[in-house]
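**Q** Here is the input, now give the coordinates:
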Amino acid sequence: MVYGGIDGAVTTFAIVAGVEGAGLSHGIILALGAANILADGFSMAAGNFAGTRAELDDRKRVVEVEKKHLLNHRDGELEELRQILKMRGLDGEVLEMATDAISNDEERWIDLMLTDEYGLSRSVPNPHRSALATFGAFLLAGSVPLLPFAVGLKDAFGISILATACTFFLIGAVKSRWSLAPWWRSGAETLFIGATAATIAYLVASLFQ
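**A** Take a look at the predicted model:
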């Protein structure tokens, strides 16, 4: 959602700034902005779906590989499990007890191998939910720069700048939940990225006035 929201706000406002910089009508802003929200948003969602689906398929493949290993090379897999647990700090009798307990539950055993041997996440990805979250966030954030023009507000471009800047900062602040950066720094960084993209679009488009 954070990824989709940032991209939606950046690309749509870049279109708004570019069209405004070229001195074209607000109708063109709405047409190009709406086309961007739907087409680019769907493209991002489809790409997210395909990537997540590939990740899920690879996870299933690894599970099948591990099942064959447990069936045909159990002793080697047991030693591998023992070494993994030893690296986690277990030793002696506790190590052997943990090895026996995990090896008696094939599902738990495979889950441990997925994370410690292959570096995969414990959570299973959901391609449909991921794609919908991306598209929804893109649509929501991408609509913000267009709203002042859609409702015919006076000084629509100025209001669009302010509203989009707030959106950039808010998305960045939310993003800090998954990082060590404080919310204000994450918000400022996202605001800077969005403002830079919009400024480039505006300056380039102004050359075509």
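**Q** could you point out where the chain is predicted with low confidence?
**A** Judged by pLDDT under 70, the chain has its weakly predicted residues at 209.
**Q** Give the residue farthest from the middle of it.
**A** Ranked by distance from the centre of the chain (C-alpha atoms, centre = their mean), the top residue is Glu93, with 43.4 Å.
**Q** Look up which helix or strand that residue falls in, please.
**A** Assigned by DSSP states H and E, Glu93 belongs to helix 92-103.
**Q** which element follows that helix toward the C-terminus?
**A** Next helix or strand after helix 92-103 toward the C-terminus (DSSP H and E): helix 106-116.
**Q** so that following helix versus helix 92-103, what angle?
**A** Relative orientation of helix 106-116 and helix 92-103, computed by axes from the mean of the first three to the mean of the last three C-alpha atoms, to 10 degrees: 110 degrees.
**Q** which parts of helix 106-116 are buried?
**A** Burial within helix 106-116, assessed by neighbour count using 16 or more other C-beta atoms under 10 Å, is assigned to 109-114, 116. Quick note: C-beta positions are derived from backbone N, CA and C, even for glycine.
**Q** what about Arg74, distance to Ser103?
**A** Shown here: Arg74 relative to Ser103, a distance of 8 Å by C-beta to C-beta, to the nearest Å.
**Q** tell me the domain boundaries of the protein?
**A** 2-54+127-206, 56-116 (automatic domain parsing).
**Q** who does whichever strand or helix holds Gln83 touch, helix- and strand-wise?
**A** Assigned by DSSP H and E, Gln83 belongs to helix 74-87. When contacts are defined as 3 or more C-beta pairs under 8 Å, 6 or more residues apart in numbering; DSSP states H and E, helix 74-87 sits against helix 26-72, helix 92-103, helix 106-116.
**Q** Return the alpha-carbon coordinates of it using CSV.
**A** Below are the C-alpha coordinates for helix 74-87, written out as CSV (Å, rounded to 0.1, in the frame of the first residue of the first chain):
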residue,chain,number,x,y,z
ARG,A,74,16.6,-38.0,6.2
ASP,A,75,19.9,-38.4,8.0
GLY,A,76,21.5,-35.6,6.1
GLU,A,77,18.5,-33.3,6.8
LEU,A,78,18.6,-34.2,10.4
GLU,A,79,22.2,-33.2,10.7
GLU,A,80,21.4,-30.0,8.8
LEU,A,81,18.6,-29.3,11.3
ARG,A,82,20.9,-30.0,14.2
GLN,A,83,23.5,-27.5,12.8
ILE,A,84,20.9,-24.8,12.3
LEU,A,85,19.7,-25.2,15.9
LYS,A,86,23.3,-25.2,17.1
MET,A,87,23.9,-21.9,15.3
